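Q: quick check, what structure comes out for this input:
(4 chains)
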There are 4 protein chains.
Amino acid sequence: MRSEIAVSDRISLDDLNALDKAGFVIALHDIFEHSPWVADAAYRERPFATVAALHTALMGVVRARGEAEQAAFVSIHPDLAGRAARAGAIAPASVSEQAGLGLDQLSEEEYTRYEALNTAYRERFGFPFVICVRRQTRDAVLDAFERRLTNDRATELANAIDEIDHITRLRLAERIDGPGLPDIAGRLTTHVLDTHKGGPAAGVRVELFEVGASGRARLTEAITNQDGRTDAPLLADVPLRIGTYELVFHIGAYFAESGAALPHKPFLGEVPVRFGIAEPEGHYHVPLVVTPWSYSTYRGS
Amino acid sequence: MRSEIAVSDRISLDDLNALDKAGFVIALHDIFEHSPWVADAAYRERPFATVAALHTALMGVVRARGEAEQAAFVSIHPDLAGRAARAGAIAPASVSEQAGLGLDQLSEEEYTRYEALNTAYRERFGFPFVICVRRQTRDAVLDAFERRLTNDRATELANAIDEIDHITRLRLAERIDGPGLPDIAGRLTTHVLDTHKGGPAAGVRVELFEVGASGRARLTEAITNQDGRTDAPLLADVPLRIGTYELVFHIGAYFAESGAALPHKPFLGEVPVRFGIAEPEGHYHVPLVVTPWSYSTYRGS
Amino acid sequence: MRSEIAVSDRISLDDLNALDKAGFVIALHDIFEHSPWVADAAYRERPFATVAALHTALMGVVRARGEAEQAAFVSIHPDLAGRAARAGAIAPASVSEQAGLGLDQLSEEEYTRYEALNTAYRERFGFPFVICVRRQTRDAVLDAFERRLTNDRATELANAIDEIDHITRLRLAERIDGPGLPDIAGRLTTHVLDTHKGGPAAGVRVELFEVGASGRARLTEAITNQDGRTDAPLLADVPLRIGTYELVFHIGAYFAESGAALPHKPFLGEVPVRFGIAEPEGHYHVPLVVTPWSYSTYRGS
Amino acid sequence: MRSEIAVSDRISLDDLNALDKAGFVIALHDIFEHSPWVADAAYRERPFATVAALHTALMGVVRARGEAEQAAFVSIHPDLAGRAARAGAIAPASVSEQAGLGLDQLSEEEYTRYEALNTAYRERFGFPFVICVRRQTRDAVLDAFERRLTNDRATELANAIDEIDHITRLRLAERIDGPGLPDIAGRLTTHVLDTHKGGPAAGVRVELFEVGASGRARLTEAITNQDGRTDAPLLADVPLRIGTYELVFHIGAYFAESGAALPHKPFLGEVPVRFGIAEPEGHYHVPLVVTPWSYSTYRGS
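A: Sure, this is the predicted structure:
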């Protein structure tokens, strides 16, 4: 029978469209945690031409509900970094999502802080704080938590639904094969232009760091090619995590190689460019236009 | 008698010019350590119109000597961070100069490294490594030490004399009151220009750090005034230490205050500008031309 | 007698403060054309500590009047580039001011255009178009004329009074010697920084043009000094005329002299920077930060 | 017979490779004017895998000859803008190439100047001045003429052969269909980035002018699209003519549309960027990074 599909397998959109209602609901059962009514109600809109259309239909079901039902729906979600996560009592997808950010390995002090925030949030709004952690760095989660605590309830209910929109869009994109996947990936690219010689700067080492409150962690590094670009984007294919980043361009070594006349201690050695990412699905192009004595950078496109 | 002058007092150029030879030599006895012949030979060129002319005459005596005498002269200088410094057996001026860089408080490991370098240097050249530490950061001293070890002997003898030129110029500038003080001070200034609104950026917090191999140390901070400048130079009055520095401009807070429409996580928050200083007596003007989405910087004037 | 002062002589503020009322009114008779009541009413506020305070007092008299009196006061002013100017029937100061812009030497076509504008303006507002021509280029006068024709009457009455404020401030600054001259002068400066070599660009020829609808006229030229600046501001001491300007930096010749490796046809030869001036009493600093392959400019300070 | 091919038709590389020697020489007869021996000698190297390889083989024949034969070969070429061109006595390809630059329609004064240059050049070197006019603006031809007159004969013979290389490469690219066309086309592109709002500037009118000694001529205009670029390169598909160009970016209108708070007379209205092109087959990317108060540009990639 078609409904005997294994629940975590990838499935094609065509196959999904061909399922009976029970199969359809089971196939999507871990997209919206503990809320089979969402898939159940969206079923009548099949067949779906694109995965994005499927997602829009599912979220349409949620958004059509009244405030009380939406609040109940949000309330099903686990606390962030809460006891449920530590105890293994949350949906598998939630576990791996929270683990991706290390929220399953917080220090006792951090858990205490999250618990205080979770408690304050629940007391104020009556439902848990929901955020799509795969679009956030750890610092960004805390920033959002504290900022959103000051909102009113209607804003926060809308924010929670928006975050569930992000969460489920990502889950669907991983579960369903098919045309019209929703837009889930951002991109970070760079480009080094040497205006001392008037051309692309090839062979520049570029490091990318995530900058957190407690330090910075190196995410990747690359060397610029003949066009002054990196062969692949520095970040791609997944949402960019909201947060602070730093590119470090090894310009001193580059100009030393080029034979430019420079002092022993060059004016520019490692050039850090620190910037914030606010749009996880955006394209951040952060170029460096550089001479041994100057540089400029900007959010490009 | 005029020659009974206290040796570490400041003295006016006029008074110095009026001294007899014995007094003149005593008055300058701690400028060139253990080498009274320098002042003795320069005495006949008095009166000196400027302190700079006095210094030129003194160094002229040194530079006129042959290679063997110069090497003997250099050899009198103490090892850098050596046992003499730890045992208190070097000239008082040398003590305070080396102490200014913390070279009297190295870890055992660092002393061992310096000892190895001192030994290698002495074995190769036959005289000690001399450097004007007041023009250097600690990292720059080590860089210079390792770099200069690869030179030939004639180059290093010339380098040692040049460093003694720097050392004695600084000592003279502190000892002699008079016109025509030699140029000993560098200057670091900044300026923040907001090209989003088209005018100077007032109220921007700017921090200055020295960046070393083992971390960075904050040297000073300032707030830009109505002209986008700091009321006083960030560094002035003394030689700039050769080394790596970082200015951090708190641009995110500035634009948040200005009411510009920005994302929650602005593109630019803290803007670091890291640069090397190679000319201790130079003027480094390092401005920031900035919008919420771009900036440029350069060595200005 | 003190009131027998020649009407166009300069007079010190002290002397003016010492005049009797009749003398005071005569001394200022050509500041406010055909309106002795202004000086008459301001007389009781003497002595004036500064020339600026005198001007504020005089304009205070005007601004205190009701709308009808102000309109009558404005109505006394001659048409711009009108028959009165051609026939010599306007106040001497107005003649020279309009002549400074060449408004006494318009082509027949231009007179016709001005006449049409003057007629339209008078018909719409009941008083003539008043503008301080010494703060305007010819194109700016026409732009303002056409733009202001679309305003309502209250706005235009206020604009006319503001322009009379500018006109009389300039006249006073030329007539009265004394402390606290009002702020009448703008300033245009530049600075060329060579980020190819990392220092000021000396010896760069800089031309300044006024750019009009019918062509451009060279106002001045200068050569940058060792600090990359011109020895004197490009414009100073008088109001900057609202209008469009172009700086042309002869960068190709500069870099050819510097020995940089460049193609026969360099990327940058004459670098034009075209910009508008909107604040006649402002400081416009328009620098060029340049390499053989790039440049940036901005309104600096 | 295969050699009866019409001489100005396009021909495929395969067909050309299949021709007998007589047909091959005829097919290429107007590539190297009046010099059938070039194709004759290159025939034995067939088949040619690419059009570029064919060109290399043909030029290889020329470059292998001695100095006297090369000079004789160069001497066959017509004078630039000379009587032959006016009288119609030159190869058809030369006529259209010279006509493309308007060299067939010079004023009497200009002809006189060219005649004087031609005479001086022939007297000095014994062969005519050869230049690939399709890679030049008119001003660039004159610049090259005057500059090359100061070279020695060996340099000029090499220059003439290099120019014939350019001329024949272009002719071949138009005559032969086939893989591996030689690289004959340059490209000029732009990009406008608005760092006031932090994204591409869409809707900016961009005009391109050729700037000559006697004025400037508009070549094209375009409007930037949503990515801040023009839908097509400003120049492409043919060699860029060596010369001076000016891009004019209508920035004032763009920011006025955007609703930014600007003075009546904005600081930036029409932003001209004037630059030289020295590499006809190069890619010139000339972007503008702009706010209402600043801009930068550079030769990008």
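Q: what secondary structure does residue A:23 sit in?
A: Of the three states, residue A:23 takes helix under DSSP: H, G, I helix; E, B strand; the rest coil.
Q: leaving out the residues flanking it, which one is nearest to residue A:113?
A: Spatial nearest neighbour of residue A:113, chain neighbours left out: residue A:142 (7.8 Å); criterion: C-beta to C-beta, 6 or more residues apart in numbering or on different chains. (Each C-beta comes from the backbone N, C-alpha and C, glycine too.)
Q: same deal with residue A:129?
A: residue A:121 (4.4 Å).
Q: try residue A:28
A: The nearest residue in space to residue A:28 (C-beta to C-beta, 6+ apart) is residue A:39, at 4.2 Å.
Q: after the helix or strand hosting that neighbour, which helix or strand is next?
A: Here residue A:39, judged by DSSP states H and E, is contained in helix A:36-42. Where DSSP H and E defines the elements, the next helix or strand beyond helix A:36-42 is helix A:51-64.
Q: so which bits of whichever helix or strand comes after that next one are buried?
A: Next along the chain after helix A:51-64, taking DSSP H and E as the criterion, comes helix A:67-75. Buried residues in helix A:67-75, counted by 16 or more other C-beta atoms under 10 Å in any protein chain shown: A:70-71, A:73-74.
Q: in those residues, find the pair that's most separated.
A: Distance extremes for those: the farthest pair is A:71 and A:73 at 7.2 Å, using C-beta to C-beta.
Q: coming back round to it: the helix holding residue A:39: how far from the chain's middle?
A: 26 Å (C-alpha atoms, centre = their mean, to the nearest Å).
Q: try stretch A:177-188
A: 12 Å.
Q: which residues touch it?
A: With contacts defined as C-beta atoms under 8 Å, 6 or more residues apart in numbering or on different chains, stretch A:177-188 is touched by A:10-14, A:16, A:49-53, A:55, A:169-170, A:172-173, A:208, A:233-240, A:245, A:277, A:279-286.
Q: give me the element residue A:170 is part of.
A: Using DSSP H and E, residue A:170 falls in helix A:153-175.
Q: output the contacting helices and strands for that helix.
A: Under the contact criterion of 3 or more C-beta pairs under 8 Å, 6 or more residues apart in numbering or on different chains; DSSP states H and E, helix A:153-175 touches helix A:51-64, helix A:67-75, helix A:108-125.
Q: and the next element down the chain from the last one?
A: What that stands for is helix A:108-125. helix A:138-148.
Q: and the angle from that following helix to helix A:153-175?
A: Interaxial angle of helix A:138-148 relative to helix A:153-175 (axes from the mean of the first three to the mean of the last three C-alpha atoms, to 10 degrees): 150 degrees.
Q: remind me what helix A:138-148 packs against, helices and strands.
A: Checked by 3+ C-beta pairs under 8 Å, 6+ apart, helix A:138-148 has helix A:108-125, strand A:243-250 packed alongside it.
Q: check contacts around the spatially closest residue to residue A:126 that is not a sequence neighbour.
A: Excluding its sequence neighbours, the residue lying closest to residue A:126 (C-beta to C-beta, 6+ apart) is residue A:71, at 6.4 Å. Counting by C-beta under 8 Å, 6+ apart, residue A:71 touches A:126-127, A:157.
Q: do you know the pLDDT at residue A:71?
A: Here the pLDDT value assigned to residue A:71 is 96.
Q: likewise residue A:86?
A: At residue A:86, pLDDT is 61.
Q: can you map out the helices along the stretch 151-300 of chain A?
A: Taking DSSP state H, counting those that start in this stretch as the test, the helices found in the stretch 151-300 of chain A are A:153-175, A:251-258.
Q: give the buried residues for the shortest one.
A: By neighbour count, and taking 16+ other C-beta under 10 Å as the criterion, the buried residues in helix A:251-258 are A:251-252, A:254-255.
Q: can you check the longest one too?
A: Neighbour-count burial for helix A:153-175, with 16+ other C-beta under 10 Å as criterion, is recorded at A:156-157, A:159-161, A:163-173, A:175.
Q: what does it rub up against?
A: A:10-11, A:28, A:30-32, A:51, A:54-55, A:58-59, A:62-63, A:67, A:70-71, A:73-74, A:77, A:93, A:97, A:124-127, A:129-132, A:134-135, A:148, A:151, A:181-182, A:184, A:239, A:280.
Q: kindly report the same for the last one.
A: Residues lying outside helix A:251-258 but in contact with it, judged by C-beta under 8 Å, 6+ apart, are A:192, A:194, A:196-197, A:201, A:203-205, A:262, A:266, A:268-271, A:288, A:290, A:292, A:295, B:276.
Q: dump the residue contacts of the nearest residue to residue A:294 once chain neighbours are set aside.
A: In space, residue A:294 comes closest to residue B:298 once its chain neighbours are excluded; the distance is 3.3 Å by C-beta to C-beta, 6+ apart. Contacts for residue B:298 (C-beta under 8 Å, 6+ apart) come out as A:293-295, B:286-287, C:193, C:195, C:289.
Q: identify the bridge partners of whichever residue of the stretch 101-250 of chain A sits closest to chain B.
A: Using C-beta to the nearest C-beta, the point where the stretch 101-250 of chain A gets nearest to chain B is residue A:242, with a distance of 5.5 Å. Assessed by DSSP bridges, residue A:242 has beta-bridge partners residue A:136.
Q: count of neighbours near it?
A: 23 (other C-beta atoms under 10 Å in any protein chain shown).
Q: please apply the same query to residue A:140.
A: For residue A:140, using other C-beta under 10 Å, the count is 24.
Q: over to residue A:219?
A: Neighbours of residue A:219 (other C-beta under 10 Å): 15.
Q: residues contacting it?
A: A:208-210, A:234-235, A:245.
Q: out of those, which is most surrounded?
A: Going by other C-beta under 10 Å, residue A:245 tops the contacts of residue A:219 with 23 neighbours.
Q: what residues does chain A put near chain B?
A: A:140, A:143-144, A:147, A:242-244, A:246, A:252, A:263-272, A:274-279, A:289, A:293-299 (C-beta under 8 Å from any C-beta of the partner chain).
Q: write the PyMOL selection for whichever of these are buried.
A: To isolate the buried ones among those in PyMOL, judged by 16+ other C-beta under 10 Å, type:
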select buried, chain A and resi 140+143+144+242+243+244+246+252+265+266+267+268+269+270+271+272+274+275+276+277+278+289+293+294+295+296+297+298+299
